[in-house]
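Peer 1: Mind folding the following:
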Amino acid sequence: MCSIIELTLITLSANAQAAANRPLPRFVSLGADKIHLRTGPGKRYPIDWVYKRPNLPAKIVAEHDTWRKVIMKDGTSGWMSSKLLSNKRTVIVKNSEGRIYQKPRENSKVTAVVKYGVIASLDKCTQRWCKVKLESYKLTGWIQQNMLWGILPNEFHD
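Peer 2: Sure thing, here's the model as predicted:
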């Protein structure tokens, strides 16, 4: 008969194995209100930055145990605990201004204009367009993929 501790270890081991089998690089989002970016993979390493922006996209480029090396939009890199990251896909507007359209084409009705730094949930993408949701405004629409950071080149195909 397994004890609760044994079951917990089995579950943690299975989760770590599942994460290890996922491709790198990949995007995730910050899943907590406050996350420390450290110089190495563990609490013994100094804190370089403190992020206080949930849902901010981050690119995972390496893994060590339960730690993930991430690169942020501005190029800052370091290690974050995987427990504080979310698999929810988000993107951030990287240009000074981006238009959100009703349909994935430029002659469609513009439903919003978003500024640099706006974060949106990512629904799906084609090669040129991404369907995003601005949750705080209850708005869904399409934006050109080249206006966003948080997507790998050739990650989505038509």
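
Peer 1: Tell me the secondary structure at Lys59.
Peer 2: Put simply, Lys59 is strand when judged by DSSP: H, G, I helix; E, B strand; the rest coil.

Peer 1: what's around Lys83, how many residues?
Peer 2: Lys83: 12 surrounding residues under other Cβ atoms under 10 Å. C-betas here are computed from N, CA, C, even on glycine.

Peer 1: Shouldn't it be within a strand?
Peer 2: No - checked against three-state DSSP, Lys83 lies outside a strand; its state is helix.

Peer 1: Read off the pLDDT value for it.
Peer 2: The score at Lys83 is 97. That number is its pLDDT.

Peer 1: swap in the one 10 residues further on?
Peer 2: Reading off the per-residue confidence, Val93 sits at a pLDDT of 97.

Peer 1: tell me which residues form a beta bridge with it?
Peer 2: Leu148 (DSSP bridges).

Peer 1: Tell me who's in contact with it.
Peer 2: Val114, Lys115, Tyr116, Gly117, Val118, Ala120, Ile143, Met147, Leu148 (Cβ atoms under 8 Å, 6 or more residues apart in numbering).

Peer 1: which one among the residues you listed gets closest to Arg99?
Peer 2: Nearest to Arg99, judged by Cβ to Cβ, of the contacts of Val93 is Ile143 at 6.9 Å.

Peer 1: what helices or strands is the helix or strand containing that closest one leaning on?
Peer 2: Using DSSP states H and E, Ile143 falls within strand 139-144. Here strand 139-144 touches strand 97-101, strand 110-115, strand 129-134, going by 3 or more Cβ pairs under 8 Å, 6 or more residues apart in numbering; DSSP states H and E.
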